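K.L.:
only geometry, no sequence info:
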Ligand code: ADP
Ligand code: LRH
């Protein structure tokens, strides 16, 4: 049975067709497109209509190449949203979570609602771009938007609405707003009231795997195709990626490695206590009643921005070329804390890496290879640090680490991660989010019985590459230096 997954990350989107027969999944990429946000003046916004256009191209290619699927699911990055007015129209382009409209807002909100209370009510880590702070900013800067808005939709909810004409708030993404209370199982009206965010625009959440309409007539007529049912999936891309972790053991650690690096474990209940707040871990909603106890790590975004900066300077490097340059550069010459706020906004990352090195009295990396090596080694060491914290918070000891996402194409990073954690890394599948998206559609249609059968079938269908740790004492020493430098230990 073939299903179509739209998986749209912060750097690129793809339409993937999945075929399940005799416990084997085959995946075909039928369309891939860049997801470039657009800067207008000082604002950074998503080109959501272009994304929707590309999704329609994906539908046309599906029909042309393989025939229409039996169902469709959409997952995207989290926290960003669109507002829909009483005429059913999108009111403004969704802001990019890296836009400056949230600058200083989290600190301001924390003055009116204590962080301990926000965490107790939501279990969500404090990231300055969480939806709660985006909405608090809009409440101040553009109150008319919230007064006029009829519905609040997260990005996949919005794209699904464009396709079907039906509006529904999906659970996994809803939790990333930091406005959803996992204990009461509903939107947190107390927090909304405290920040004067109207709650009428938030509707009860729908779980992954729910039928939520089918392609609307305007779409089928425009594209000349038959209508296809649409399901909610685990619409937060990280939630879909976790569905696809091919774990054997029910106790497992994962790293979803793309624009962001999301590291943690799956738990049955959210872990909401003082220590979890202090370590700034999150409890995002997962599929089938699970929670994702994890921490955001800045990830390959830093490398993406280096690539863009060098491109502007006329130096065009592919990812494999960058990795090769890093391999050839001297080891452990300079470290950064990838989670330093310096690296969050878009901009000249090589300059910021050098700035960080100067600020921390390290030798300043000059060559491109030295910069890339510094970023990749620092990421691997940050993974080690966060894995240790995941073990502490969850009370588990992991035998190794599952890595999924586009970042596993960077084999050097996988190897260095194994070296830094001193345990094996099991890498695959690279298209975890799309495969997790498909798995929920198959479970909803009774083709797979549950998430554990899905994981077993994924394990049998896609190669997993094992990286055994090497040079452990060297990495152990380097992790010590990294820890002191970044003041983590
Ligand atoms: P997202 O879905 O978050 O936009 P992906 O999961 O597609 O991101 O991962 C994109 C990242 O994967 C890139 O930033 C890049 O660092 C890494 N990557 C992709 N292909 C390669 C490759 N061939 N070699 C090394 N790294 C790669
Ligand atoms: C990864 C991701 C992550 C969020 C970030 C905004 O794509 O969804 O889980 O924190 O984007």
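P.N.:
Now that the structure is in, tell me what you want to look at. Predicted model only: the values in this text are computed from it and were never measured. Ligands and ions are numbered 1, 2, ... in the order given.
K.L.:
so residue 152, which of the three states?
P.N.:
Three-state assignment for residue 152 (DSSP: H, G, I helix; E, B strand; the rest coil): strand.
K.L.:
now it. Nearest residue, chain neighbours left out?
P.N.:
Leaving out its chain neighbours, the residue that sits closest to residue 152 by C-beta to C-beta, 6 or more residues apart in numbering is residue 201, at 4.2 Å. Bear in mind the C-beta positions are built from the backbone N, C-alpha and C, glycine included.
K.L.:
on the three-state scheme, that neighbour is what?
P.N.:
Here residue 201 is coil, with the state taken from three-state DSSP.
K.L.:
OK, contacts around it?
P.N.:
The contact partners of residue 201, taken as C-beta atoms under 8 Å, 6 or more residues apart in numbering, are 83, 146, 149, 150, 151, 152.
K.L.:
for it, give its distance to ligand 2.
P.N.:
According to C-beta to the nearest ligand atom, to the nearest Å, residue 201 and ligand 2 sit 21 Å apart.
K.L.:
for that residue, give its distance to residue 86.
P.N.:
Distance of residue 201 to residue 86, given as C-beta to C-beta, to the nearest Å: 11 Å.
K.L.:
mutual contacts of those two, please.
P.N.:
Contact criterion C-beta under 8 Å, 6+ apart; residues shared by residue 201 and residue 86: residue 150.
K.L.:
phi and psi next, for the residue nearest to residue 152.
P.N.:
phi -80, psi -10 (degrees, to the nearest 10).
K.L.:
gap between whatever helix or strand residue 387 lives in and the chain center?
P.N.:
Secondary structure assignment for residue 387, by DSSP states H and E: helix 368-394. Here the centre of helix 368-394 is set off from its chain's centre by 17 Å, with C-alpha atoms, centre = their mean, to the nearest Å.
K.L.:
in that helix, what counts as buried?
P.N.:
Within helix 368-394, the residues that qualify as buried are 368-387, 389-390, 393-394, counting by 16 or more other C-beta atoms under 10 Å.
K.L.:
tell me, which of those make contact with ligand 2?
P.N.:
Counting by C-beta under 6 Å from any ligand atom, nothing from these sits close to ligand 2.
K.L.:
list the beta-bridge partners for the closest residue in space to residue 461 that isn't next to it in sequence.
P.N.:
Closest residue to residue 461 apart from its sequence neighbours, by C-beta to C-beta, 6+ apart: residue 25 at 4.1 Å. On the basis of DSSP bridges, residue 25 is bridged to residue 20.
K.L.:
all helices for the stretch 351-489 of the chain, in order.
P.N.:
368-394, 411-421, 432-444, 451-461, 472-485 (DSSP state H, counting those that start in this stretch).
K.L.:
which pLDDT value belongs to the residue lying closest to residue 486 once chain neighbours are set aside?
P.N.:
Leaving aside its chain neighbours, residue 486 sits nearest to residue 337 (3.8 Å; criterion: C-beta to C-beta, 6+ apart). Looking at residue 337, its pLDDT reads 98.
K.L.:
checking residue 337 next. Helix, strand or coil?
P.N.:
Taken by three-state DSSP, the conformation at residue 337 corresponds to coil.
K.L.:
against residue 389, how distant is it?
P.N.:
15 Å.
K.L.:
residue 323 now?
P.N.:
Taking C-beta to C-beta, one finds residue 323 at 27 Å from residue 389.
K.L.:
what's the answer for residue 348, then?
P.N.:
Using C-beta to C-beta, we find residue 348 at a distance of 31 Å from residue 389.
K.L.:
returning to that earlier point: go ahead and confirm the residue nearest to residue 486 touches residue 378.
P.N.:
Yes - using C-beta atoms under 8 Å, residue 337 makes contact with residue 378 at a distance of 7.2 Å.
K.L.:
in what helix or strand does residue 117 lie?
P.N.:
Here residue 117 is assigned to helix 115-122, by DSSP H and E.
K.L.:
which element follows that helix toward the C-terminus?
P.N.:
Downstream of helix 115-122, the first helix or strand assigned by DSSP H and E is helix 131-141.
K.L.:
off-centre distance for that following helix?
P.N.:
Relative to its chain's centre, helix 131-141 lies at 21 Å (C-alpha atoms, centre = their mean).
K.L.:
neighbours around the closest residue to residue 379 other than its chain neighbours, how many?
P.N.:
Distances taken as C-beta to C-beta, 6+ apart put residue 338 closest to residue 379, at 5.6 Å, once the chain neighbours are dropped. Residues lying near residue 338 (other C-beta atoms under 10 Å) number 23.
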